[in-house]
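Peer 1: What follows is a predicted protein model with its sequence.
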Amino acid sequence: MRLSSQRPAVKRTNLITRLFRLARLALHIARGVAITVVIFPFRSHAQKADYIQRWSARLLAILAVRTEASGAPLAGATPAMIVANHVSWLDILAIDALRPVRFVAKSEIRRWPVVGWLCSQGDTLFIERTRRRHIAQINREMTEAMMRGDIFAVFPEGVISTGDVLLPFHSSLLQPALDCDALIHPVALRYTRADGSLCPEADYEGAKTIVGSLLMMLTQPVINLRVQLLAPIKCAGLDRRALAHAAAQQIASALGVPAPRTRAEKASGPPA
């Protein structure tokens, strides 16, 4: 008897389940928009943060994203900065569901329908990475805000990966952490299917659109999201490249992937 070498077929949701989830998601987003417009102007910062945390957790639940968090407390003291790998637009919701923070995002996100507006209402800073002056301006704003107690989350890879690799960290956005001697909190994010395999439906890598990405997520009966809160890193005695390297090393180890090579390692030749 000849054994088949084919892998088991990936289980997918039926059309009714997808439409039901999509309807719930639309209602949830509409409710978020209404509350942001009507109620947020009359709420305190703490009240807004509590709502954002609950809203983010609920949206993940609607998409059948089951989150498992482990490790050190997330940004208990300030000034602090969260540094994470970047796999999906769900990353923002995953962090906000644990601890609402401010984000630094690429300027294109501001133009996304509804999502871009909601991000701006959450005090996201939008950066044009190709303009050095704009990066310097954003860094100044971040430093001032962190000194007032705001916590920022950044994705130093600069682009989204497929989740099975960690791209080199750009250190420029870590400068504000050095300027105010903040504590760096590395966070490792990993999305898997119900069978434990990597979940490509969750990533936003390549030419995917946000709608196309969402429709792919809806095909999954469940998406498991593991959030590993790693040991905090003190800025004292480090420059921003060393800081980026230390954070990348921790995240790569947690994900079980090779750490990005430093400039010195690249100059010495290819890895053995």
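Peer 2: Nice, thanks for sending it over. Numbers count the residues shown, from 1 in each chain.
Peer 1: Now do L178 against V154, distance only.
Peer 2: Per C-beta to C-beta, to the nearest Å, L178 is found 13 Å from V154. Just so you know, the C-beta spots here come from the backbone N, C-alpha and C atoms, and that holds for glycine as well.
Peer 1: Compare the two (neighbour count), which wins?
Peer 2: Remark: of L178 and V154, V154 carries more neighbours, 28 against 19, as counted by other C-beta atoms under 10 Å.
Peer 1: mind listing what the more buried one touches?
Peer 2: Contact analysis of V154 by C-beta atoms under 8 Å, 6 or more residues apart in numbering lists 81-84, 103-104, 173-174.
Peer 1: Now the two most distant members of these.
Peer 2: Spanning the widest gap among the contacts of V154 are F103 and L174, at 14.7 Å by C-beta to C-beta.
Peer 1: Just want to know which of the two has more residues nearby.
Peer 2: Per other C-beta under 10 Å, whichever of F103 and L174 has more neighbours is L174, with 26 against 20.
Peer 1: Would you confirm that the more buried one contacts C180?
Peer 2: No - using C-beta atoms under 8 Å, L174 is not in contact with C180, being 11.6 Å away.
Peer 1: returning to what we had before: going by neighbour count, which of the contacts of V154 comes out on top?
Peer 2: Neighbour tally across those (other C-beta under 10 Å): the maximum, 30 neighbours, falls on M81.
Peer 1: so it sits in a strand?
Peer 2: Yes - when DSSP: H, G, I helix; E, B strand; the rest coil is applied, M81 is found to be in a strand.
Peer 1: Please, where are all the helices along the chain?
Peer 2: Ranges of helices within the chain are 15-38, 45-62, 90-98, 115-121, 132-147, 175-179, 210-217, 240-255, 263-267, based on DSSP state H.
Peer 1: got the angle for the first one vs helix 45-62?
Peer 2: Looking back up the chat, that one is helix 15-38. 170 degrees (axes from the mean of the first three to the mean of the last three C-alpha atoms, to 10 degrees).
Peer 1: picking up where we left off before, closest to I39 out of the contacts of V154?
Peer 2: Distances from I39 to the contacts of V154, taken by C-beta to C-beta, are shortest for F103, at 21.6 Å.
Peer 1: if we can go back for a sec, pick the one among the contacts of V154 closest to I223.
Peer 2: A84 (17.2 Å).
Peer 1: burial count for the closest residue to V10 other than its chain neighbours?
Peer 2: Closest residue to V10 in three dimensions, ignoring its sequence neighbours and counting by C-beta to C-beta, 6 or more residues apart in numbering: R193, at 6.8 Å. Residues contacting R193 under the criterion other C-beta under 10 Å number 18.
Peer 1: residue contacts, R193?
Peer 2: For R193, the contact set (C-beta under 8 Å, 6+ apart) comprises 10, 199, 201, 220, 222-224.
Peer 1: And those, which two are furthest apart?
Peer 2: V10 and N224 (13.9 Å).
Peer 1: who has more neighbours, the two?
Peer 2: Counted by other C-beta under 10 Å, V10 and N224 do not tie: N224 has more neighbours, with 19 against 15.
Peer 1: any idea how far L90 is from the more buried one?
Peer 2: On the measure of C-beta to C-beta, N224 and L90 end up 12 Å apart.
Peer 1: Name the residues contacting each of the two.
Peer 2: With C-beta under 8 Å, 6+ apart, N224 and L90 have common neighbours 65, 191.
Peer 1: In this protein, spot the strand with the most residues.
Peer 2: strand 183-192 (DSSP state E).
Peer 1: Run a quick neighbour tally on the nearest residue to S253 once chain neighbours are set aside.
Peer 2: Among residues not flanking S253 along the chain, A259 sits closest, at 7.4 Å (C-beta to C-beta, 6+ apart). By other C-beta under 10 Å, 17 other residues sit near A259.
Peer 1: Kindly report the same for A207.
Peer 2: A207 has 5 neighbours, counted by other C-beta under 10 Å.
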